[in-house]
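A.B. asks: Just need the structure, nothing else, for what follows:
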Amino acid sequence: MVSIFARPAYTLLALIFAGILLLVGVASFALQQPWLGVQMAAVDGKVRAVYVHASLEHQIPAGAEVKRLFSATHPPVELQASDLIEEPDFFDTYEEMANFFARQSQLDALSHSSQVTLVWADEAGVESSVSIEPGRRPVHDLPAVFWFQVLIGLLGLWIASWIYLLRGDDWGARMFALTGLLFPLFTIPAAIYSTRELALDGETFRVLSSLNHTGAILFGCAFAGLFLTYPRRLVKARHLYVFFAVFSAWLAADVFRWAPNQDWGSRFPVILEMILVIVFSAIQWRKTAGHPIERAALRWLILSSVVGSSLAILSIYGSAVMGILPNFSQGYSFGFFFIMYLGIALGLRHYQLFDIDEWSYRGLLWVGGAVSVIVLDALLIYFGATEMASLGLSLLLAGWLYFPLRQWLWQRIVNKHTVKLETLLPELSRIAFKTAGEQKPDWEAFLGRVFEPLEMRQENQGNNDCSILEEGLALYIPACGSLPAYKLRHAGKGSRLFSSRDAAFANTLTHLLSQVMGGRSNYEKGVVEERLRIGRDLHDNIGARLLKLIHHLRGTSNADIARDAMKDLRTSIAALDTQPVPLLDALADWRAEAGSRCEVMQCQLTWNQAKDMPEVDLPPRMKGMLESVMREVITNALKHASPASIRVGVETDTGGLKIDVENDGDIADPLTWQDGYGLRNIRGRVEELGGNLNISSNEGSVRLTITVPLQ
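C.D. replies: Presented below is the predicted three-dimensional model:
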């Protein structure tokens, strides 16, 4: 039978239930401490009553200075501001901590007396006393920061456990789970002793403080281990054990007071662990180059963990230890760690990693702005400025220095390769109005320039919208008109993931291209229909009249003129056809017509055509224009030169189609020719096709060379 704990959901529910029981136990322990009904705090180096229970308001006013405590069984104890310190880690030496714990034991024993006398002084220094019978601490006296610390620790544990239950075979998830186990180990003890009314038993306080140190140092060790194992395994498992053994030995030196002082015992290990986290993250950054999913996960991990923990350490040590920041409750600073837990959970779970690049940079820059204002404010206060003046100057300096720098960094990092839509519209129009054969390579080059993928391949048509695939590694581009669908992989030459912003931008591009191509298609359809109508009108009206004229003039010299007019009309009608004509078929038609015309004029036609002619199609208009050119060239030779023979040579080369027409007739030197209507027509048609006409003479013959590109 399978245990219910084999299911992650049941295990997580069991952990939640255990956490609730722990919360009840911790609250019960805190409530068992004796309660005087007077909340005291250190104000300007003096102990003052900041809150007095309603039953004592008439005996001691809020704000009064509390001088000493005594009872019938305990001698007077003069209160010191350090007695109310929130965190004993703020002492520099272990001797100071030992004295603090001894005073805590003395005050705790006194608080357990049946009646405690509290001596207080007013503003004039006149002392008065009030007798208090200590009672059980009520629930409402536990401050919000107590519940905050306990709940933050438990939430961190539950989140880390959730990730571990989902991905227990991953070393990154294991290290994260270990941080979750250690997180409440230093937040819950701190919640107990940092929110005490006055004192705890010194030995209990020392144990809680040691647990706090244990959780903090091993938490940092597991935190660094997370960067050793995720997203790439940098070391083997046995090296992780050595890593933990070193810091465990350091922890023992702190717990048993073997270290010289607090700096070496508890502060330097935490600082070293943060440095190691930064070093390991830099190594991971180098290792994940060219792996966008791992790089995105690492970027999110760095954003959430390093920023969260750095702000927590800065707020704790910067305010209480170094004194450079305004006072900030240690309990609330643990909330920065909770931000880290939420961020790491999203990263390890791989939820929408392809959307985090821009937000991670935006978050880092936002945190940088906040930290710059805080640091500037603290420095100005440290050097003597008032709080209002320092805040104003900090905001002013941040506005002048940081925010322009932030904008520059944003342009350099995030918007470095952003392509604006308005610059792409002319290119889209150019692609849409190209022929089908030219559209595909130009569209592929266009997508390559916009998204810079390492791989682009055709896909079967799927969705009609662009979509992200493979956790951001790939982007699907749907078919567009005659263009096929594509899958792009590894955006930015492998440096980033595709984001939802890329998908939306690609959707816009494809929709615009479809609209332009649709407009072009409608235009071409209208052109074809109009050409067909004109062709029908020419055939049915003009053609019928010419045919009637040919029958009427049969047997006369004018009949040939009418027949030529009919041929020109048929050529014009054929040019209106939308169907391309194979080059070999067009050459055969031209050869047959030239042969019949030469036969009538008793002129010998020699047609030399290369054997390796390419199998290409001529557009109808190109075929018709070349046919008119050939007809005009043959007509001019027969009419003006009366040649005995005409030789036609046809070949193709890299320049396109080349046609040589040479005759041996009696004709003047071409250099003395004046362009007539026929020659101008020939030259104009050839130039319209992108070609050129060359006329030369050679020992009693004249050669016309026509060269046009084959597209």
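
A.B. asks: if I look at residue 589, how far off is residue 627?
C.D. replies: Separation of residue 589 from residue 627 (C-beta to C-beta, to the nearest Å): 7 Å. C-beta coordinates here come from the backbone N, C-alpha and C atoms, glycine included.

A.B. asks: nope, residue 75 is what I meant
C.D. replies: Taken as C-beta to C-beta, the span from residue 75 to residue 627 is 127 Å.

A.B. asks: what about those two, which has more around it?
C.D. replies: residue 627 (24 against 9; other C-beta atoms under 10 Å).

A.B. asks: For the strand or helix carrying that one, C-alpha coordinates in CSV please.
C.D. replies: Assigned by DSSP states H and E, residue 627 belongs to helix 620-640. Extracted in CSV, the C-alpha atoms of helix 620-640 (Å, rounded to 0.1, in the frame of the first residue of the first chain):
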residue,chain,number,x,y,z
PRO,A,620,3.1,37.4,-71.8
ARG,A,621,4.1,41.1,-72.2
MET,A,622,7.8,40.3,-72.7
LYS,A,623,6.9,37.6,-75.3
GLY,A,624,4.7,40.1,-77.2
MET,A,625,7.2,42.9,-77.1
LEU,A,626,10.1,40.7,-78.3
GLU,A,627,7.8,39.3,-81.0
SER,A,628,7.0,42.8,-82.2
VAL,A,629,10.7,43.6,-82.2
MET,A,630,11.6,40.5,-84.3
ARG,A,631,8.8,41.3,-86.7
GLU,A,632,10.0,44.9,-87.1
VAL,A,633,13.6,43.9,-87.6
ILE,A,634,12.8,41.3,-90.3
THR,A,635,10.4,43.8,-91.9
ASN,A,636,12.9,46.6,-92.0
ALA,A,637,15.6,44.3,-93.5
LEU,A,638,13.3,43.0,-96.3
LYS,A,639,11.9,46.4,-97.0
HIS,A,640,15.0,48.6,-97.0
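
A.B. asks: quick one: what helix or strand has residue 652 in it?
C.D. replies: With DSSP H and E as criterion, residue 652 is part of strand 645-653.

A.B. asks: That strand pairs with which strands, parallel or anti?
C.D. replies: Using DSSP bridges, the strands paired with strand 645-653 are strand 604-609 (parallel), strand 656-663 (antiparallel).

A.B. asks: gap between the last one and the chain center?
C.D. replies: Meaning strand 656-663. 60 Å (C-alpha atoms, centre = their mean, to the nearest Å).

A.B. asks: Contacts for it, please.
C.D. replies: Here strand 656-663 makes contact (C-beta atoms under 8 Å, 6 or more residues apart in numbering) with 583, 630, 633-634, 637, 641, 643, 645-652, 691, 701-710.

A.B. asks: Go again with 7 Å.
C.D. replies: Among residues not part of strand 656-663, those counted as contacts by C-beta atoms under 7 Å, 6 or more residues apart in numbering are 633, 637, 641, 643, 646-652, 691, 701-710.

A.B. asks: That strand: which residues count as buried?
C.D. replies: By neighbour count with 16 or more other C-beta atoms under 10 Å, strand 656-663 contains the buried residues 657, 658, 659, 660, 661, 662, 663.

A.B. asks: can you list contacts of the next helix-or-strand element following it?
C.D. replies: Of the helices and strands lying after strand 656-663 in sequence (DSSP H and E), the nearest is helix 677-688. Identification of contacts with helix 677-688 by C-beta under 7 Å, 6+ apart yields 625, 628, 629, 632, 633, 636, 692, 693, 706, 708.

A.B. asks: Helix 677-688 vs strand 656-663, what angle?
C.D. replies: Here the directions of helix 677-688 and strand 656-663 differ by 160 degrees (axes from the mean of the first three to the mean of the last three C-alpha atoms, to 10 degrees).

A.B. asks: what's the spacing between helix 677-688 and its chain's center?
C.D. replies: That offset, for helix 677-688, works out to 59 Å (C-alpha atoms, centre = their mean).

A.B. asks: Equivalent analysis for stretch 700-711, please.
C.D. replies: The chain centroid and the centroid of stretch 700-711 are separated by 59 Å under C-alpha atoms, centre = their mean.

A.B. asks: quick one: buried residues of it?
C.D. replies: Those would be 701, 702, 703, 704, 706, 707, 708, for stretch 700-711 by 16+ other C-beta under 10 Å.

A.B. asks: ok, residue 467 to residue 443 distance?
C.D. replies: 18 Å.

A.B. asks: hang on, residue 187 packs against residue 333?
C.D. replies: No. The pair residue 187 / residue 333 is not scored as a contact, 10.4 Å apart, by C-beta atoms under 7 Å.

A.B. asks: more neighbours, the two?
C.D. replies: residue 187 (28 against 20).

A.B. asks: Give me the pLDDT value at the more buried one.
C.D. replies: Predicted confidence (pLDDT) at residue 187: the value is 93.

A.B. asks: Please apply the same query to the one 10 residues further on.
C.D. replies: With respect to pLDDT, residue 197 scores 90.

A.B. asks: quick one, phi psi at the closest residue in space to it that isn't next to it in sequence?
C.D. replies: Leaving aside its sequence neighbours, residue 197 sits nearest to residue 35 (C-beta to C-beta, 6 or more residues apart in numbering; 5.9 Å). Backbone torsions of residue 35, given as degrees, to the nearest 10, read phi -130, psi 130.

A.B. asks: How about the contacts made by residue 35?
C.D. replies: 134, 135, 136, 137, 141, 197.

A.B. asks: how about a cut-off of 6 Å?
C.D. replies: Neighbouring residues of residue 35 by C-beta atoms under 6 Å, 6 or more residues apart in numbering: 135, 137, 197.

A.B. asks: how deep is the second one tucked in, by neighbour count?
C.D. replies: Meaning residue 137. Residue 137, neighbours per other C-beta under 10 Å, totals 18.

A.B. asks: quick one on the thing from earlier: so for residue 467 and residue 443, which residue has more residues nearby?
C.D. replies: Neighbour count, other C-beta under 10 Å: between residue 467 and residue 443, residue 443 has more, with 25 against 17.

A.B. asks: Do I have it right that that one meets residue 485?
C.D. replies: No. The pair residue 443 / residue 485 is not scored as a contact, 11.3 Å apart, by C-beta atoms under 6 Å.

A.B. asks: sorry, back to before: from residue 55, how far off is the residue nearest to residue 197?
C.D. replies: 12 Å.

A.B. asks: Ok, residue 516 next?
C.D. replies: Note on residue 516: its distance to residue 55, by C-beta to C-beta, is 83 Å.

A.B. asks: Which one's more surrounded, these two?
C.D. replies: residue 516 (18 against 9).

A.B. asks: rewinding a little: look up how far residue 114 lies from the residue nearest to residue 197.
C.D. replies: Counting by C-beta to C-beta, the gap from residue 35 to residue 114 is 14 Å.

A.B. asks: try residue 702
C.D. replies: 137 Å.

A.B. asks: Quick one: find the helix or strand in the chain with the lowest mean pLDDT.
C.D. replies: Each helix and strand of the chain was given a mean pLDDT (mean pLDDT, DSSP states H and E); the minimum falls on helix 356-382 at a mean of 56.
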